[in-house]
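In: Using only what follows, build the 3D model:
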Amino acid sequence: PGLSLGPLQARSRSIILLDQDVSERYSNVVDCASHTLLFSRKTLFRGRGRNVQALRRFPWESIVRVAHGAHAFGKPVRALRNTLGLSHNAAFLCDADGHASASTLVAFGGRDRTQVNEPEKGIRRAVMPLPLRLGHGEPSLPNLNSAWTATLDESVLLSGTHAGCNEARTFRHPVCEFDGRISVVRFKRSLLIFARENAAIIGGGRSVQMTRRGPDGASWEPFRRLVFEHGTVVSSHILPVTLNCHEQFPANFKKGGGACMWVHIWWNSHFKGRLVEDYHATSFGNWTLVELYFFVAQEYGDGEHLVGLFPGTYVEAPTWRREPSSRTLPLLGGIFITFSQDGAHWTEPRMLMKSAVSAEGRTTDHPVRFRNSADGASSFIHVEHEIELYEGNANGRQYTNRTTAPRHCEYEFSPRLQPAMTNHADAASPHRLTRGHARTRQTAQPPDASLPSELDGEAGS
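Out: Numbering: from 1, shown residues only. Reported below is the predicted structural model:
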């Protein structure tokens with residue numbers, strides 16, 4: 001559906017990331033102290049004989065690279081050590097006031113794991129003066145980790161029981177875990193945080209909810225789910241099937257294992273014979289957004305609008321249910337763009353490019369950053385391709401044997417993407433984009449013939 005511009009003609013221009021790890025994901029790009037920094041999450045264990053039990057609760061650390069020119073980032077150094085508990089979902093900002101010329105970095109992150117008697121109690125922050133000396137491509141940051149540690153704020157900004165926070169999963173309800181990348185943005189003299197909402201009782205149903213810091217600078221408004229123009233939230237009543245975990249999830253559980261037995265008992269005692277309301281998808285007429293994996297919110301640059309990017313899955317149908325009859329619909333994936341004037345209400349999402357969907361129902365490509373060119377003629381979207389999606393567990397069984405790291409690409413849209421672009425869009429399809437076409441700068445050839453696949457749209461205001 002929609003008007004197709006056909007496959008994009010890519011003009012390749014390599015962006016090199018030195019010493020990449022296979023597990024890197026959730027990249028953040030921050031301009032600070034006249035430098036461009038790229039943060040990402042790295043997994044510390046992969047079942048290779050290390051002391052994985054000691055890392056089980058905090059298996060991730062944050063690493064940082066400094067840009068070397070326009071198309072390369074240097075070797076990584078550790079920005080946040082794993083035991084701080086921030087790196088699973090960390091977001092980074094420059095300076096308390098958001099000035100890119102300042103020299104202070106702020107990190108926000110952390111899950112709430114009190115439901116499983118673990119020490120993480122919610123989203124916290126850490127502040128670090130950026131070291132005065134930054135090497136050219138290979139940063140000289142010997143005190144980076146200790147500086148973060150010294151300025152960690154032990155108080156919790158947002159706990160999983162914060163007002164309005166929705167965590168529907170039975171094994172976590174009512175405490176929000178915040179188990180996906182968060183996004184933090186300063187907008188109209190306030191601070192906004194976007195975090196994971198798990199809206200399905202038996203797992204899945206990922207969406208995003210937001211909160212705003214109050215005028216007093218200390219309190220936070222209740223969380224609320226993002227509202228999309230022309231979107232209607234649709235839910236379904238389902239009868240969950242009986243679970244035999246070692247048969248249905250052989251990669252995760254061994255037959256007769258304790259974990260398998262526990263999941264089997266828990267699942268079937270909660271759901272056997274019960275009709276439950278599940279999966280809150282968003283319908284836009286002829287297509288339905290099934291899951292919104294995480295949200296990247298940034299100032300658009302005009303002081304009046306936010307731009308949002310997210311990886312999502314969808315079906316080309318007016319609704320979607322988890323019953324077998326609906327599973328005959330192909331679950332499709334893409335990277336979407338949307339705009340807002342308040343952070344809570346957003347224009348109908350438009351798909352910028354298609355993305356492959358993994359066996360566990362997630363897209364394999366993640367948006368990283370939006371920016372407009374200095375002259376305002378073009379927009380650029382930074383995308384991280386071919387993400388390794390498995391989270392891993394204490395013995396690393398869930399990881400694949402993959403040896404290639406994610407690829408980073410930058411897509412140039414000319415003329416630039418504007419907030420008014422969706423005003424005249426065809427609401428029946430996520431494929432239509434009403435502004436511009438694209439040229440591409442990328443690290444390598446697209447992972448497959450469908451990425452990037454198509455941009456649909458028309459020239460106009």
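In: Show me the shaky parts of the stretch 151-300 of the chain.
Out: 151, 236-279 (pLDDT under 70).
In: quick one, helices of it?
Out: Assigned by DSSP state H, counting those that start in this stretch, the stretch 151-300 of the chain shows helices spanning 245-248, 258-271.
In: For the closest residue to Thr36 other than its chain neighbours, give me the backbone phi and psi.
Out: By the measure of Cβ to Cβ, 6 or more residues apart in numbering, the closest residue to Thr36 outside its immediate chain neighbours is Ala67, 3.8 Å from it. To be clear about C-beta, it is placed using only N, CA and C from the backbone, and glycine gets the same treatment. Backbone torsions of Ala67, given as degrees, to the nearest 10, read phi -60, psi 140.
In: same thing with Thr83?
Out: With angles defined as degrees, to the nearest 10, Thr83 sits at phi -70, psi -10.
In: ok, now how distant is it from Gly214?
Out: 31 Å (Cβ to Cβ, to the nearest Å).
In: swap in Gly205?
Out: Relative to Gly214, and taking Cβ to Cβ, Gly205 is found at 29 Å.
In: more neighbours, these two?
Out: Per other Cβ atoms under 10 Å, whichever of Gly205 and Gly214 has more neighbours is Gly205, with 21 against 12.
In: Am I right that that one is in contact with His280?
Out: Yes: Gly205 is in contact with His280 according to Cβ atoms under 8 Å; the separation is 6.0 Å.
In: list residues touching both of these two?
Out: Overlap of the contact sets of Gly205 and His280 (by Cβ atoms under 8 Å, 6 or more residues apart in numbering) consists of Ala199.
In: what number of residues lie near Met351?
Out: With other Cβ under 10 Å as criterion, Met351 counts 25.
In: Same check on Ala199?
Out: 24.
In: Also Val156?
Out: Neighbour count of Val156, defined by other Cβ under 10 Å: 16.
In: Please name the residues that touch it.
Out: The neighbours of Val156, taking Cβ under 8 Å, 6+ apart as the test, are Gly110, Lys121, Gly122, Ile123, Arg124.
In: what do you get for Pro330?
Out: Pro330 makes contact with Val315, according to Cβ under 8 Å, 6+ apart.
In: repeat that with 10 Å
Out: Val315, Glu316, Ala317, Val357 (Cβ atoms under 10 Å, 6 or more residues apart in numbering).
In: Can you show me the strands along the stretch 151-300 of the chain?
Out: In the stretch 151-300 of the chain, strands defined by DSSP state E, counting those that start in this stretch lie at 152-158, 183-187, 190-198, 206-212, 224-225, 227-228, 232-238, 276-283, 288-292, 296-299, listed in chain order.
In: Including distance to Ala344, could these go into CSV?
Out: Putting the strands of the stretch 151-300 of the chain into CSV (distance: least, Cβ to Cβ, whole Å) gives the following:
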stretch, distance to Ala344
strand 152-158, 16
strand 183-187, 11
strand 190-198, 9
strand 206-212, 6
strand 224-225, 6
strand 227-228, 6
strand 232-238, 14
strand 276-283, 15
strand 288-292, 14
strand 296-299, 11
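In: separation between Leu93 and Gly303?
Out: Taking Cβ to Cβ, one finds Leu93 at 17 Å from Gly303.
In: Between the two, tell me which one has more neighbours.
Out: More crowded of Leu93 and Gly303, by other Cβ under 10 Å: Leu93, with 21 against 8.
In: picking that back up, neighbours around the residue nearest to Thr36, how many?
Out: 19.
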